[in-house]
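In: Got a sequence here, can you build the structure:
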Amino acid sequence: MSRLGQKRQAPPRPDPARVVLDVRPLQESDRSPGTADYLEAILAAFAADPLPGESFVILTQAGLPDPTVEMSELAGLPVVGRRSLPPTRLLRSGALTTDPFLLRSASVAPTLRWGRLAGAGAGGDRAGGAPTDAPTLFHTASGSVPIMSRLPVAVTLLDLAPWELPRTFQRSPAARFGQRLRARILRDASVVIVPSEAAAAGARRLLGIRPSRLRVVPLAPRAAFLPGDAVAAPGAALTLPNLDLPARYLVHPGRFDARTDLETLLGALASLVSAGRPPGLATDVPWPPRIVVADASPDDRAEIARAAAPFGVGELLSYVPHLGVVQLAALVRGARALLVPMISATAAQPVVDAVAAGVPVVASSVGGLPEAVGGAGLLVRPRDERRLAAALATIWSDDAVHERLAAAARSSIGPSGPRTWSDVATDTRMIYASVVRSALAGAAVGD
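Out: Below you'll find the predicted structure:
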């Protein structure tokens, strides 16, 4: 049984903590969509199941709306303070060096004066009287980590591409220095949370993070993708407004990104065009396969279209605008399969979602993808155009294989139910409690 179908007994409720949390990726979700999805899902789970005595100090980027105020699903989050940080992203690679020092200064204040600020109405206090002396830690999933923090630090590491693909992500001296500094700070973090065993192995190999500081917390499918969700019923994709979808299609979460094996995908499609229609394929099945590109910005769509032109496969690609999670779930449910060709893939949220929806997957055998796919898809080595073409042809035209993989996806949710974001939140809170206990014990020994 895959991780999706494993349902653990609820552990005892952990001791509460005050968490200084960097939510800047939520403010610009198009820049880091995977991180934004993670933060939105885990914060909603925290808000839906409050832990008495728990509270949050929110770090945002100045000049942009605070998502923890605007999102209705976060209304129950016990926020006791907020701080706006300068927009360091304008520094590009220089932000890798600047952010650690900026976050260090931001993480000092909560232990000294956030209780007074909350009491004075700075950002409001939705904690209902959360104790101001609760143990405090810093949690980030943004990629930026405070240097020499005076608080214990928990890092959720969702992307190893800067170190797996150094020729792309460390081309300039500033980027090389920044990523090396970031790796050094990560090694000093109290705990590094990763979404898969493969990510844990990569963090040990690429960054030298000690195994004792790594914790694997698998992701969970978002609620709209789960079976029986009334707003994402089978066939709902065909009723999505203003979308001219093919009768049969594959879905590709199509960011134009160095992590995506786009050239291999385009080459595989071109080879299927050249090979011609397979003998025996039913006349009502279109050929070659059609791909709907989702979750791509306008710039992404333009770049993908330009990349497809030399291969002569541009007419096989169609694009949909950015969709909310309910509409995206409907789109995926109506697809023949999810297509995820990658060169680097630390997290695998689109695959976790698709498998929960009973949709087969064609993916690269890299990072956390094999763990997420399990028996519900076809895995292909990255940059293997011939085998990717064969996988695309099989999932598109072989009904027996397709049904076997779809059945494996459906059966990945066991009788005790799927893993949920409430489980992810519980696992994370247990880590918070462990981190602050260790920090307090260390301080006691030092005294």
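In: make it CA atoms for all contacts and neighbour counts henceforth
Out: Noted.
In: ok, T168 to A161 distance?
Out: 9 Å (C-alpha to C-alpha, to the nearest Å).
In: Compare those two and say which is more crowded by neighbours.
Out: Between T168 and A161, counting by other C-alpha atoms under 10 Å, A161 is the more crowded of the two (17 against 14).
In: Quick check: closest non-adjacent residue to the more buried one.
Out: S344 (5.8 Å; C-alpha to C-alpha, 6 or more residues apart in numbering).
In: Okay, and L378 sits in which element?
Out: Assigned by DSSP states H and E, L378 belongs to strand 377-380.
In: outside of that strand, which residues touch it?
Out: Residues outside strand 377-380 that contact it (C-alpha atoms under 8 Å, 6 or more residues apart in numbering) are 360-365, 370, 387-388, 391, 405.
In: Same question for stretch 283-299.
Out: For stretch 283-299, contacts defined as C-alpha under 8 Å, 6+ apart pick out 30, 245-246, 248-256, 269, 272-273, 276-277, 316-323, 392-393, 396-397.
In: do the same with stretch 434-443
Out: Here stretch 434-443 has contacts from 17, 135-137, 152, 154, 190-191, using C-alpha under 8 Å, 6+ apart.
In: Give me the average confidence score over that stretch.
Out: Mean pLDDT, stretch 434-443: 81.
In: Quick one: distance of that stretch to the chain centre.
Out: Relative to its parent chain, stretch 434-443 has a centroid offset of 29 Å by C-alpha atoms, centre = their mean, to the nearest Å.
In: what does stretch 69-77 give?
Out: On the basis of C-alpha atoms, centre = their mean, stretch 69-77 sits 20 Å off its chain's mean C-alpha point.
In: Just the buried residues of it, please?
Out: 73-74, 76-77 (16 or more other C-alpha atoms under 10 Å).
In: from those residues, which single one is nearest L186?
Out: L77 (27.4 Å; C-alpha to C-alpha).
In: per-residue confidence at that closest one?
Out: 94.
In: residues in contact with it?
Out: Neighbour list for L77: 43-44, 46-48, 50, 55-56, 68, 126-127 [criterion: C-alpha under 8 Å, 6+ apart].
In: Which among the contacts of strand 377-380 count as buried?
Out: The neighbour count (16+ other C-alpha under 10 Å) marks 360-365, 370, 388, 391, 405 as buried among the contacts of strand 377-380.
In: coming back round to it: could you count how many residues lie near the residue nearest to A161?
Out: Neighbours of S344 under the rule other C-alpha under 10 Å: 23.
In: My guess is G367 contacts A198. True?
Out: Yes: G367 is within contact range of A198, at 5.6 Å (criterion: C-alpha atoms under 8 Å).
In: Mind listing what's buried along the helix or strand harbouring Q327?
Out: Applying DSSP H and E as the criterion places Q327 in helix 325-333. The neighbour-count check on helix 325-333 (16+ other C-alpha under 10 Å) flags 327-333 as buried.
In: so what pLDDT did the residue lying closest to V19 once chain neighbours are set aside get?
Out: Excluding its sequence neighbours, the residue lying closest to V19 (C-alpha to C-alpha, 6+ apart) is F56, at 4.8 Å. Note on F56: pLDDT of 95.
In: Likewise for the one 3 residues further on?
Out: What the model reports for L59 is a pLDDT of 93.
In: now T111
Out: So T111 comes in at 47 (pLDDT).
In: now swap in L316 and tell me
Out: 96.
In: re earlier: could you export the contacts of stretch 434-443 as JSON lines, including neighbour count?
Out: Formatted as JSON lines, these follow (neighbours: other C-alpha atoms under 10 Å):
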{"residue": "A17", "neighbour count": "24"}
{"residue": "P135", "neighbour count": "22"}
{"residue": "T136", "neighbour count": "27"}
{"residue": "L137", "neighbour count": "26"}
{"residue": "P152", "neighbour count": "22"}
{"residue": "A154", "neighbour count": "25"}
{"residue": "S190", "neighbour count": "21"}
{"residue": "V191", "neighbour count": "25"}
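In: where's the dip in pLDDT among those?
Out: Lowest pLDDT among the contacts of stretch 434-443: P135, with 84.
In: just checking, which of the contacts of stretch 434-443 belong to helices?
Out: Taking DSSP state H, every one of the contacts of stretch 434-443 sits outside helices.
In: Show me those that map onto strands.
Out: Among those, the members falling in strands (DSSP state E) are 136-137, 154, 191.
In: Relative to V293, how far out is the residue lying closest to L157 once chain neighbours are set aside?
Out: Nearest residue to L157 in three dimensions, chain neighbours excluded: V194, at 5.4 Å (C-alpha to C-alpha, 6+ apart). Look at V194 and V293: by C-alpha to C-alpha, they are 27 Å apart.
In: Ok, A44 next?
Out: Distance, A44 to V293, using C-alpha to C-alpha: 27 Å.
In: Can you pull out the low-pLDDT segments for the stretch 151-300 of the chain?
Out: Residues of the stretch 151-300 of the chain that meet the criterion pLDDT under 70 lie in 229-242.
In: Which residue ranges of it form strands?
Out: 153-156, 191-194, 214-216, 250-253, 291-294 (DSSP state E, counting those that start in this stretch).
In: possible to save those as TSV with distance to S411?
Out: Shown next, in TSV, are those (distance: least, C-alpha to C-alpha, whole Å):
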stretch	distance to S411
strand 153-156	29
strand 191-194	25
strand 214-216	23
strand 250-253	21
strand 291-294	26
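In: Tell me which of the ones you listed lies nearest to Q179.
Out: strand 153-156 (15.2 Å).
In: Would you give the sheet partners of the closest one, along with the direction of each?
Out: According to DSSP bridges, strand 153-156 forms sheet pairs with strand 136-140 (parallel), strand 191-194 (parallel).
In: In CSV, please show the C-alpha coordinates belonging to the first one.
Out: Which is strand 136-140. The C-alpha trace of strand 136-140 is given here as CSV (Å, rounded to 0.1, in the frame of the first residue of the first chain):
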residue,chain,number,x,y,z
THR,A,136,9.2,30.0,20.2
LEU,A,137,10.8,28.7,17.0
PHE,A,138,11.2,29.8,13.4
HIS,A,139,9.7,27.9,10.5
THR,A,140,10.3,28.6,6.9
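In: Name the residues that touch it?
Out: Contact partners of strand 136-140, identified using C-alpha under 8 Å, 6+ apart, comprise 17-23, 107, 110-111, 151-156, 432, 435-436.
In: circling back: direction included, what does the strand holding L378 pair up with?
Out: Applying DSSP bridges, you get strand 361-364 (parallel) as the partners of strand 377-380.
In: what sits up against the strand it pairs with?
Out: With C-alpha under 8 Å, 6+ apart as the test, strand 361-364 has contacts from 337-343, 351, 354-355, 369-370, 373, 376-382, 391-392, 395.
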